[in-house]
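Sequence unavailable; structure follows:
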């Protein structure tokens with residue numbers, strides 16, 4: 001191949017002298033362009049074969065090819081405050097939303113002694129570069145009060161919130177996990193200003209394959225900001241969630257002695273619909289969401305479970321969500337292989353993050369899904385906490401305040417104990433995953 005000159009043009013370019021040598025050459029070449037996907041081989045001076053290959057990219061710590069979407073860590077944002085009884089067992093998994101004042105607020109899960117969870121509120125502080133750098137704690141947004149949030153003996157939980165400003169309602173809608181003696185269920189609350197919240201009760205879902213959905217644990221819920229056409233084309237409120245059908249918990253699957261085959265009817269992120277309204281409509285089918293399967297585990301890093309992470313945000317490519325997937329690691333510390341990180345049952349779960357893009361017009365259609373995680377638990381803060389080897393995305397903020405509508409800050413739990421933030425820049429095009 002001709003040597004490239006310093007001005008980025010080969011010999012023989014217009015205005016440049018040609019340079020000739022003998023043609024008895026073997027080799028491989030490509031066009032002088034980072035965007036080129038064409039490679040060719042040369043034998044005895046003759047082009048013999050032309051290829052359109054998938055170029056192998058940088059590999060992550062698990063040995064897989066990294067996604068074209070990448071999260072750039074910006075640092076740890078929040079950790080338990082010494083002496084604060086509400087945070088003694090962790091502060092993590094926050095919702096994120098811009099208030100009417102334009103300020104960014106996060107709503108972390110605050111865990112007191114005995115896994116008693118509240119939802120706090122804090123104002124995010126930014127440095128001169130515009131990066132999140134700290135928080136100002138402002139108090140409690142929700143704490144267990146309703147019967148579906150309380151457990152016998154004084155326990156209870158309001159956990160893992162997500163918040164979306166729903167444009168047709170002109171309200172903020174919070175979805176969170178209510179933890180009572182029945183187990184985890186999806187609850188909703190509504191606000192006009194992010195500081196005063198009205199509970200809307202538990203979300204209920206239509207029966208599926210003869211199973212009463214009210215008896216099924218459910219988590220990881222978030223809603224779309226606009227009305228979404230249901231399968232019949234009628235605009236409705238759409239929610240993403242992850243029912244935990246019996247036998248589908250990561251701990252149960254990891255312990256299986258035989259190879260696990262995914263049950264696509266039960267181990268999925270679901271998209272469900274119901275008519276838009278400001279309040280629950282009371283008992284009966286009118287208040288029930290209709291069920292539709294969206295995505296199931298497909299890659300090794302997420303083989304045990306997937307769940308929704310950040311609320312859907314509209315990008316140039318469609319609805320973007322950063323979701324979590326659960327896999328297993330070999331029981332060895334990622335940074336120090338001499339350390340055994342196996343759990344009591346010999347299985348070490350690993351929570352990582354991936355990206356999914358749904359069609360703008362038909363969100364039941366997945367346009368893109370990262371084959372490998374965009375964020376993995378490699379830092380000590382991810383690997384050591386209430387939960388080991390966990391990154392858990394729950395909040396997202398579009399940086400319109402910087403004039404960068406294709407840039408997002410993603411807020412996530414680190415080791416079920418702290419909060420980190422990472423940056424995601426949406427690429428110009430959606431590259432096919434290998």
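Good, I have the coordinates. This is a predicted model, so every value here is computed, not measured.

Can you spell out which helices and strands pack onto whatever helix or strand residue 356 lives in?
Counting by DSSP states H and E, the element that carries residue 356 is strand 348-358. Counting contacts by 3 or more CB pairs under 8 Å, 6 or more residues apart in numbering; DSSP states H and E, strand 348-358 packs against helix 250-254, strand 318-329, strand 366-369, strand 391-399. Just so you know, the C-beta spots here come from the backbone N, C-alpha and C atoms, and that holds for glycine as well.

Note down every partner strand of the shortest one and its orientation.
Right, strand 366-369. Strand 366-369 pairs in its sheet with strand 348-358 (antiparallel), by DSSP bridges.

Let me know the angle separating the strand it pairs with from strand 318-329.
Computed with axes from the mean of the first three to the mean of the last three CA atoms, to 10 degrees, the direction of strand 348-358 lies at 160 degrees from that of strand 318-329.

give me every residue that touches the closest residue to residue 98 other than its chain neighbours.
Among residues not flanking residue 98 along the chain, residue 104 sits closest, at 5.6 Å (CB to CB, 6 or more residues apart in numbering). Residues near residue 104 by CB atoms under 8 Å, 6 or more residues apart in numbering: 96, 97, 98, 123, 124, 132, 397.

rewinding a little: please give the centre-to-centre distance between the strand holding residue 356 and its chain.
6 Å (CA atoms, centre = their mean, to the nearest Å).

again, but for stretch 83-90
So, by CA atoms, centre = their mean, the centroid of stretch 83-90 is 26 Å from its chain's centroid.

contact partners of it?
80-81, 109-113, 115, 118, 120, 140, 385-386, 416-418.

From residue 315, how far out is residue 235?
Residue 235 is 20 Å from residue 315, where distance means CB to CB, to the nearest Å.

Among those two, which residue is more densely surrounded?
Shown here are residue 235 and residue 315; by other CB atoms under 10 Å, residue 315 has more neighbours (17 against 14).

quick one: least confident helix or strand in this structure?
strand 46-51 (a mean of 55; mean pLDDT, DSSP states H and E).

Now the element after that one, going C-ward?
strand 71-78.

between whichever helix or strand comes after that following strand and strand 71-78, how big is the angle?
Next in sequence after strand 71-78, counting helices and strands by DSSP H and E, comes strand 90-98. Going by the same axes, to 10 degrees, strand 90-98 is angled at 110 degrees with respect to strand 71-78.

quick one: average pLDDT of strand 90-98?
For strand 90-98, the per-residue pLDDT values average out at 98.

Within its sheet, name the partner strands of it and how each one runs.
strand 104-112 (antiparallel).

Export the helices and strands packed on strand 348-358 as JSON lines, with columns for distance to residue 409, mean neighbour count and mean pLDDT.
Shown next, in JSON lines, are the helices and strands packed on strand 348-358 (distance: least, CB to CB, whole Å; neighbours: other CB atoms under 10 Å; pLDDT from 0 to 100):
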{"stretch": "helix 250-254", "distance to residue 409": "28", "mean neighbour count": "18", "mean pLDDT": "58"}
{"stretch": "strand 318-329", "distance to residue 409": "11", "mean neighbour count": "23", "mean pLDDT": "94"}
{"stretch": "strand 366-369", "distance to residue 409": "20", "mean neighbour count": "17", "mean pLDDT": "94"}
{"stretch": "strand 391-399", "distance to residue 409": "5", "mean neighbour count": "25", "mean pLDDT": "98"}
